[in-house]
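Q: 3D, please:
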Amino acid sequence: MPLRVNNVTRGRTLALRAVRAGGFWPRFFGLMGRPGLPAGEALHLVPCNGIHSFFMRFAIDAVFLNRELRVVRCVEAMPPWRATPVFRAAHSVLELPAGTLAATGTVPGDVLSFDGG
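A: I've put the predicted structure just below:
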């Protein structure tokens with residue numbers, strides 16, 4: 001079921017429709033092969049502490065979250081064919097359209113909420 005993602009700290013909405021990828025294959029394939037990620041949409045990879053953009057066609061913003069949904073790391077406009085380091089403090093990653101982090105002012109230390117599921 002799609003979830004709304006809010007930045008509780010900043011009072012901003014990051015996504016109106018976030019889908020959770022919890023199994024190995026949904027996490028592995030993620031956004032690969034898709035033409036893009038529309039504004040207002042997101043993919044939440046759980047558990048996950050490092051991502052790649054191999055075989056992707058577009059840049060993304062990535063938010064690394066701990067178990068309490070506190071932002072531990074942000075990666076803005078990650079281009080295709082890249083990989084992030086593994087962030088040990090992260091438990092999940094929220095992938096968003098590029099520009100979402102800048103537009104919402106989301107930074108490490110902020111707390112997110114997932115509503116509607």
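
Q: From the rest of the structure, what touches the worst-scoring helix or strand of the chain on mean pLDDT?
A: Ranked by mean pLDDT, DSSP states H and E, the weakest helix or strand in the chain is helix 24-29, scoring a mean of 84. Here helix 24-29 makes contact (Cβ atoms under 8 Å, 6 or more residues apart in numbering) with 21, 45-46, 48. (C-beta placed from N, C-alpha, C; glycine too.)

Q: Highest neighbour count among these?
A: Ranked by the number of neighbours (other Cβ atoms under 10 Å), the contacts of helix 24-29 place Leu45 first, at 24 neighbours.

Q: so where's the chain uncertain?
A: Within the chain, the segments meeting pLDDT under 70 span 117.

Q: Wait, a helix at Ala102?
A: Yes: remark: Ala102 belongs to a helix, assigned using DSSP: H, G, I helix; E, B strand; the rest coil.

Q: what's near enough to touch it?
A: Per Cβ under 8 Å, 6+ apart, neighbours of Ala102: Glu76.

Q: what about it, distance to Ala83?
A: 22 Å (Cβ to Cβ, to the nearest Å).

Q: Adding distance to Asn7 and secondary structure, write the contacts of helix 24-29 out as CSV.
A: Listed next are the contacts of helix 24-29 as CSV, based on distance: Cβ to Cβ, whole Å; DSSP: H, G, I helix; E, B strand; the rest coil:
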residue, distance to Asn7, secondary structure
Ala21, 21, strand
Leu45, 18, strand
Val46, 18, coil
Cys48, 19, coil
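
Q: The residues you listed: which two are farthest apart?
A: Ala21 and Cys48 (8.3 Å; Cβ to Cβ).

Q: how about the residue positioned nearest the centre of the chain, secondary structure?
A: Geometric centre of the chain, nearest residue: Leu94, 1.6 Å, by Cα atoms, centre = their mean. Assigned with three-state DSSP, Leu94 falls in the strand class.
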